[in-house]
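**Student:** Could you look at this predicted model? Sequence included:
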Amino acid sequence: AAFAARYQSPDSPYSYPDLNVAGAWAGRLDNRGETVALLTPQLDPVCAVTYRPDGSWPRRADGQGSSIELRDPASIPTNAPAQTDYLAQGRHWRASPLYHGSPGRLDAWVQPIVISESWAGGDRLTDWIELHNPGAEPFDLFGLYLSDQYDQPFRHAFEQGLHVPAEGRLVLSAAEFGFGLSTRGSDILLVSASGTNIARFIDTIDFPAVDREETCGRYERSDGMIDYTELRAATPGEANALPRVGPVVFSEIMYHPAPGLAEYIELVNISHAAIDLCDPAVPTNVWELTGAVQFAFPPGQSLAPWTPLIVCNTNAAAFRTQYAVSDEVPVLGPWTGLLDNAGEDLRLVRPGPPGTDGAVPFYRVDRVEYEPRTPWPLIPDTGGASLERVTLEGYGNDPGNWIRSPSGGTPGRLQANQPPLRIRCVVDPAEGIARFFLEGSPGATYEIQYTDTLAPSAWRLLKTIEDAGPGPIEFRDPESPLPHHRFYRVVRVGE
């Protein structure tokens, strides 16, 4: 009766003609995720989907008015094993744009504009939201609504005459849309309506508690998925900056260890200064691991630059014995919770300044939502291999930035994920002399080489730099300024 009232009654804004309804089932779909299978009369499987409310699965389908529907039904493989794997990947599903789903038909609607960036100042004055129109024609906002609350979706109604320019962006201030964005995290909704009901989600995003100095925005990962994440810089009206990374990152995740061995994560400080894992103003407010596992770092814990730290599900002594980790590597634990072999969400957060109500916001430092299937690196069913981050300064929640480690993992040893080499050049405008600054891996040796022609054998040694870290090392070409072009390269000795 409830289904008929919503989807088959002519009086409902969500009705659809000629729906073919098989009847009522017994039971209900678990909000925590479960497997739904289609079987033949002989109970042979035809297809199955194991959905989840987390990871790469659509979040809006978890109680916010959307169903989950395939992004591209025409791309489903016909081979049974490939089809099962395809349906098991959350990235192949989307939250239905139609409110209450689209039973009985395929919704071919194409998203015309997106919420591309936002800044939460927490003062209802300086907040702003950016909309992006990737299309070739201006997009008219009349008839749409903007809000920060699902239970009040029509807080701001767009009037006639406001357009998002073709292939362009429109920045709206809090003074224009009439509400503020909370620095403790918020939703942003852009919807269309049918009377007093939501008809369609044009776009929705959510962001966590965020420092007033940071914006959040869209970032397309290597697998085509979109993350709404903290950015390196605010770019209102322009293309988004890259995601902010660090200063402490997940560098290794052992979620499926060999039998009898501990789970662990490895953290690395990628800055060039030691970091206290607490709020300096309130040292008892400490950094934490949240999501799949919960762990509060002990007061007074610090992390030196380019030094790994291990957090695990056992005590430090047992972990060192299991993985032959030296006393020089900090090991903390145990945490509560576990790393699910079916995929999980890991977050490293730091405390912000307490609010006037005494509540402490926690700002996200790094996050990873790993999965045990492609495009993430595959871990053997027997376990024993970990995920290792390829580029420490690259975005962490991207499967393209992770590889499978050797069997047993490499806790406390930064092997695949060496600190990146950074070179900066500054030219003195008065003298025309180039000044070079190099930051590399601590303990590494580099050769600065030069040539006036790009012939393969023409490189000559300019300078040798030993122990390049942790701070920038300056070098100059003693022959500059030069009346001609000169090329330079940096070679790491021993590689």
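**Tutor:** Noted; the coordinates are in hand.
**Student:** List the contacts of the helix-or-strand element of the chain with minimal mean pLDDT.
**Tutor:** Lowest on mean pLDDT, DSSP states H and E among the helices and strands of the chain sits strand 422-427, with a mean of 78. Under the contact criterion C-beta atoms under 8 Å, 6 or more residues apart in numbering, strand 422-427 has outside partners Ile433, Ala434, Arg435, Phe436, Phe437, Leu438, Glu439, Gly440, Pro472, Val490. For the C-beta atoms, the positions are set from N, CA and C on the backbone; glycine is no exception.
**Student:** Count the residues that sit near the fourth one.
**Tutor:** What it means is Phe436. A count of nearby residues for Phe436, using other C-beta atoms under 10 Å, gives 19.
**Student:** And the contacts of strand 422-427, which of them are buried?
**Tutor:** Ala434, Phe436, Leu438, Glu439, Gly440 (16 or more other C-beta atoms under 10 Å).
**Student:** so which pair among those residues is furthest apart in space?
**Tutor:** Pairwise distances across those (C-beta to C-beta) peak at 18.8 Å, for the pair Ala434 and Gly440.
**Student:** for the stretch 1-150 of the chain, what spans make up the helices?
**Tutor:** 2-7, 80-87 (DSSP state H, counting those that start in this stretch).
**Student:** Can you list the neighbours in contact with the first one?
**Tutor:** Right, helix 2-7. Applying C-beta under 8 Å, 6+ apart, the contact partners of helix 2-7 are Ser12, Tyr14, Ser15, Tyr16, Leu19, Val21, Ala24, His100, Pro103, Gly104.
**Student:** at 6 Å instead, please
**Tutor:** Helix 2-7 has contacts (C-beta atoms under 6 Å, 6 or more residues apart in numbering) with Ser12, Tyr14, Ser15, Pro103.
**Student:** so which strand or helix has the residue sitting nearest the centre point of the chain?
**Tutor:** Among the residues of the chain, Asn397 comes closest to the average C-alpha position under C-alpha atoms, centre = their mean, at 4.0 Å. Following DSSP states H and E, one finds Asn397 outside all helices and strands.
**Student:** so how far is Asp366 from it?
**Tutor:** Between Asn397 and Asp366 the computed distance is 8 Å (C-beta to C-beta, to the nearest Å).
**Student:** Please identify the buried residues of the lengthiest strand in the chain?
**Tutor:** When the chain is parsed with DSSP state E, its longest strand is strand 197-208. Neighbour-count burial for strand 197-208, with 16+ other C-beta under 10 Å as criterion, is recorded at Ile198, Ala199, Arg200, Phe201, Ile202, Asp203, Thr204, Ile205, Phe207, Pro208.
**Student:** which residues of the stretch 151-300 of the chain score low on pLDDT?
**Tutor:** Low-confidence segments of the stretch 151-300 of the chain, defined by pLDDT under 70, are absent.
**Student:** just the helices in it please.
**Tutor:** Taking DSSP H, counting those that start in this stretch as the criterion, the stretch 151-300 of the chain carries its helices at 174-177.
**Student:** Tell me where it has strands.
**Tutor:** Ranges of strands within the stretch 151-300 of the chain are 156-157, 163-164, 168-173, 185-194, 197-208, 216-220, 226-230, 248-254, 264-269, 275-276, 278-279, 282-286, 288-291, 293-296, based on DSSP state E, counting those that start in this stretch.
**Student:** Just tell me which of the ones you listed ends up closest to Pro380.
**Tutor:** For Pro380, the closest of the strands of the stretch 151-300 of the chain is strand 248-254, at 13.1 Å, according to C-beta to C-beta.
**Student:** partners of that closest one, with directions?
**Tutor:** strand 264-269 (antiparallel), strand 387-389 (antiparallel) (DSSP bridges).
**Student:** Any idea how far the first one is from the middle of the chain?
**Tutor:** Between the centre of strand 264-269 and the centre of its chain there are 17 Å (C-alpha atoms, centre = their mean, to the nearest Å).
**Student:** can you pull the contacts of the nearest residue to Arg124 once chain neighbours are set aside?
**Tutor:** Residue nearest to Arg124 in three dimensions, not counting chain neighbours: Gly180, with 3.4 Å by C-beta to C-beta, 6 or more residues apart in numbering. Under the criterion of C-beta under 6 Å, 6+ apart, the neighbours of Gly180 are Arg124, Asp127, Ala174.
**Student:** swap the cut-off to 10 Å and go again
**Tutor:** For Gly180, the contacting residues are Ala120, Gly121, Gly122, Asp123, Arg124, Leu125, Thr126, Asp127, Asp148, Ala174, Ser186, by C-beta atoms under 10 Å, 6 or more residues apart in numbering.
**Student:** separation between Pro243 and Asn401?
**Tutor:** 11 Å.
**Student:** residues contacting the residue lying closest to Arg91 once chain neighbours are set aside?
**Tutor:** Among residues not flanking Arg91 along the chain, Ser56 sits closest, at 4.8 Å (C-beta to C-beta, 6+ apart). Residues near Ser56 by C-beta under 10 Å, 6+ apart: 89-93, 221, 223, 225, 227, 343, 369-371, 375-376, 397, 399.
**Student:** same question, His485
**Tutor:** The contact partners of His485, by C-beta under 10 Å, 6+ apart, come to Thr451, Asp452, Thr453, Leu454.
**Student:** does it count as helix, strand or coil?
**Tutor:** Using DSSP: H, G, I helix; E, B strand; the rest coil, the structure places His485 in coil.
**Student:** Quick check: the gap between it and Thr451.
**Tutor:** Distance of His485 to Thr451, given as C-beta to C-beta: 10 Å.
**Student:** Tell me who's in contact with the closest residue to Asn133 other than its chain neighbours.
**Tutor:** In space, Asn133 comes closest to Val164 once its chain neighbours are excluded; the distance is 4.0 Å by C-beta to C-beta, 6+ apart. Contact partners of Val164, counting by C-beta under 10 Å, 6+ apart, are 112-114, 130-135, 138-141, 170, 172.
**Student:** Nearest to Asp30 among these?
**Tutor:** Val114 (30.8 Å).
**Student:** Look up which residues are beta-bridged to that closest one.
**Tutor:** His132.
**Student:** Local confidence estimate at it?
**Tutor:** Predicted confidence (pLDDT) for Val114: 98.
**Student:** And for the one 3 residues further on?
**Tutor:** For Glu117, the pLDDT comes out at 97.
**Student:** same thing with Gly471?
**Tutor:** pLDDT at Gly471 comes out at 65.
**Student:** Can you tell me how far the residue nearest to the centre of the chain is from Pro77?
**Tutor:** In terms of C-beta to C-beta, Asn397 sits 26 Å off from Pro77.
**Student:** One more: Gly224?
**Tutor:** Gly224 sits 17 Å away from Pro77, going by C-beta to C-beta.
**Student:** ok, the two, which is more surrounded?
**Tutor:** The neighbour count for Gly224 versus Pro77, taken as other C-beta under 10 Å, is higher for Pro77 (12 against 9).
**Student:** Excluding covalently adjacent residues, which one is nearest to that one?
**Tutor:** Ranked by C-beta to C-beta, 6+ apart and with sequence neighbours excluded, the top spatial neighbour of Pro77 is Gln83, at 4.8 Å.
**Student:** Next one: the one you found from His92, what distance?
**Tutor:** The spacing between Gln83 and His92, counted by C-beta to C-beta, is 11 Å.
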